[in-house]
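Q: With the input below, show me the fold.
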Amino acid sequence: MTKTKLLIAAAILSVGFTACNNENKEAKQDAEMLNMYVDSVENATPVYTVENWTAIDNGYQERALRAEKNLAALTAEEKAAAEASKARYAALKAKYEFTIKENEATAKLNAATAGTSPNFRKVLRDRLFGEGKIGDDMQFNFVTGANILSIYQNFVDAVADSKNNYTREDWDEINVLYEALDTRKNEVEKDLKTADNLKIAGLKIRYASIASTHRGGTKVKENTESKQ
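A: All right, here's what the predicted structure looks like:
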């Protein structure tokens, strides 16, 4: 009878040991699958769309749940590796979600501005000095003693042609450009012919007359329209 009890106890211990080994093996496999999955996401070429991220996250959650189920059966080293994978995934998630939001915001902005008129400053600069001559850096190196008279002439003629159509912002930009042109004139003064200098003086008087008459009138007109 005692022998029989011993055999039964041994059998129970054997089954328990086998079950424990199986549980440990399964836990280790699940943790390794989680680690491998995070590795694959890190190494894949990112596609920052909601659809792609949803698929990635679904795959992660499925593996994370399996790994969590038998977490207690892992060794301390294996647990640390699993926690490191979770931390890496959290960083990936933050990057994906941030980039997706940025891309969506950019797409909305592009859609909102599609078909709008070109930047008014660029339009003015191209009209007054020639296309592409003046960029955002406001460099006037292309203006020399030899060509400055023709540049003043084109500037003043263009302003005269459109003086009735300029807004207050246009006039502010025109004045900035005019002052920059005058500064450049001072730099190339030594290379100017006397006759050209005299003609430029006449153009400056003409511009001053146009600006004083129409720039102030534009402000009055805009103020009146805003009150209405």
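Q: Listing request: residues of this protein with sub-threshold pLDDT.
A: 1-23, 109-118, 216-228 (pLDDT under 70).
Q: if we go to 50?
A: By pLDDT under 50, the low-scoring segments of the chain are 1, 6-7, 9-20, 218-228.
Q: Helices of that one, residue ranges please.
A: 2-43, 50-69, 76-113, 120-129, 148-162, 168-188, 194-227 (DSSP state H).
Q: Quick one: closest of the ones you listed to residue 138.
A: Among those, helix 168-188 comes nearest to residue 138, with 5.9 Å by C-beta to C-beta. In short, each C-beta sits where N, CA and C put it, glycine included.
Q: Now do the closest one against helix 120-129, angle only.
A: Counting by axes from the mean of the first three to the mean of the last three C-alpha atoms, to 10 degrees, helix 168-188 lies at 50 degrees to helix 120-129.
Q: Kindly calculate the angle that helix 168-188 makes with helix 148-162.
A: 170 degrees.
Q: Could I get the buried residue list for helix 168-188?
A: 170-171, 173-174, 177-178, 181, 184-185 (16 or more other C-beta atoms under 10 Å).
Q: Looking at these, which two lie furthest apart in space?
A: 170 and 185 (22.3 Å).
Q: returning to that earlier point: ok, so of the buried residues of helix 168-188, who is nearest residue 119?
A: residue 173 (10.4 Å).
Q: surely the closest one meets residue 120?
A: Yes - here residue 173 lies in contact with residue 120, judged by C-beta atoms under 8 Å, at a distance of 7.3 Å.
Q: ok, back up a step: let me have the helices of the chain in TSV, extended by distance to residue 137.
A: Below are the helices of the chain laid out as TSV (distance: least, C-beta to C-beta, whole Å):
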stretch	distance to residue 137
helix 2-43	41
helix 50-69	40
helix 76-113	23
helix 120-129	12
helix 148-162	18
helix 168-188	11
helix 194-227	24
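Q: for the ones you listed, which one sits closest to residue 141?
A: Closest among the helices of the chain, once you apply C-beta to C-beta, is helix 168-188, at 8.4 Å.
Q: name the helices or strands packed onto that closest one?
A: Applying 3 or more C-beta pairs under 8 Å, 6 or more residues apart in numbering; DSSP states H and E, one finds that helix 168-188 contacts helix 120-129, helix 148-162, helix 194-227.
Q: Using CSV, lay out the ones you listed together with distance to residue 44.
A: Converted to CSV, these look like this (distance: least, C-beta to C-beta, whole Å):
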stretch, distance to residue 44
helix 120-129, 41
helix 148-162, 55
helix 194-227, 55
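Q: If anything else comes up later, I'll come back, but that's it for now.
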